[in-house]
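[1] Take this sequence and fold it.
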Amino acid sequence: MRILIAGASGYIGSAIVRAALDQGHVVGAIRRPESATPPQEPLEVVTSSLDDRERLAAAVLNFDAVIFAAAVPFDEEARAIALFIDILEGSGKPLLMMSGAMLLSHDAVDGRWREEIYAEHDAFVPPERSVKRYDTEMKLRRATMRGVHGMVIRPPLVWGRGASFQVPWMIDAGKRLGWTFYLGAGLHAFSHVHVDDLGELVVRA
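    Numbering: from 1, shown residues only. Here you go, the predicted structure:
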């Protein structure tokens, strides 16, 4: 399969690239014209901004799937996803968006337990800071009605390869002190996923 990735040089995007290449896929990377990051080998580089309809439309024709893993402001993310939906309309091709479990978060005062649990299609009210992203998710999920195979993945806290802090801090404390720590009542819960496992999941989706 030929996979086009927005955000291929980022923390999660680079894990997706590694997994895709390991599984024998051909990978293309959208690289902004102003980017100082050198192209990765052996990627096919598509030089384009995320709002250049003409260039992105021409590029998408040559790929079987699009993964959006770019870490951009939610407003820019919303415009880019809307543009990809327009470009892919009627193609049946997958368009996968990396979101985050933060969308489902609630304040846990003093480390106390919250009972809310959400299944995939359960209704919920996102925190104000995440409303724009939630709206973008819903737009992509509804894109199936326009002939686009829209998918959203909401990973929890991501760790591994030196680019996270919570899990390494806890492991380091355990090694040095023989015990680790918790906040307040210690009843709040966090889920974690290793970045390499997340990359493999995305590609298999």
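[2] and Val193, that's in a strand?
    Yes. Val193 forms part of a strand when assessed by DSSP: H, G, I helix; E, B strand; the rest coil.
[3] Burial check on the spatially closest residue to Ser35 that is not a sequence neighbour, number of neighbours?
    For Ser35, ignoring the flanking residues on the chain, the nearest one in space by CB to CB, 6 or more residues apart in numbering is Ser9 at 7.8 Å. (Each C-beta comes from the backbone N, C-alpha and C, glycine too.) Other residues within reach of Ser9, judged by other CB atoms under 10 Å, total 19.
[4] Please report how far Ser9 lies from Arg31.
    Counting by CB to CB, to the nearest Å, the gap from Ser9 to Arg31 is 8 Å.
[5] which strands and helices sit next to the worst-scoring helix or strand of the chain on mean pLDDT?
    Taking mean pLDDT, DSSP states H and E as the measure, helix 166-177 is the helix or strand of the chain with the lowest mean score, a mean of 83. Other elements packing on helix 166-177 under the criterion 3 or more CB pairs under 8 Å, 6 or more residues apart in numbering; DSSP states H and E are strand 157-159.
[6] and if we set it to 10 Å?
    strand 157-159, strand 192-194 (3 or more CB pairs under 10 Å, 6 or more residues apart in numbering; DSSP states H and E).
[7] gap between that helix and the chain center?
    On the basis of CA atoms, centre = their mean, to the nearest Å, the separation between the geometric centre of helix 166-177 and that of its chain is 27 Å.
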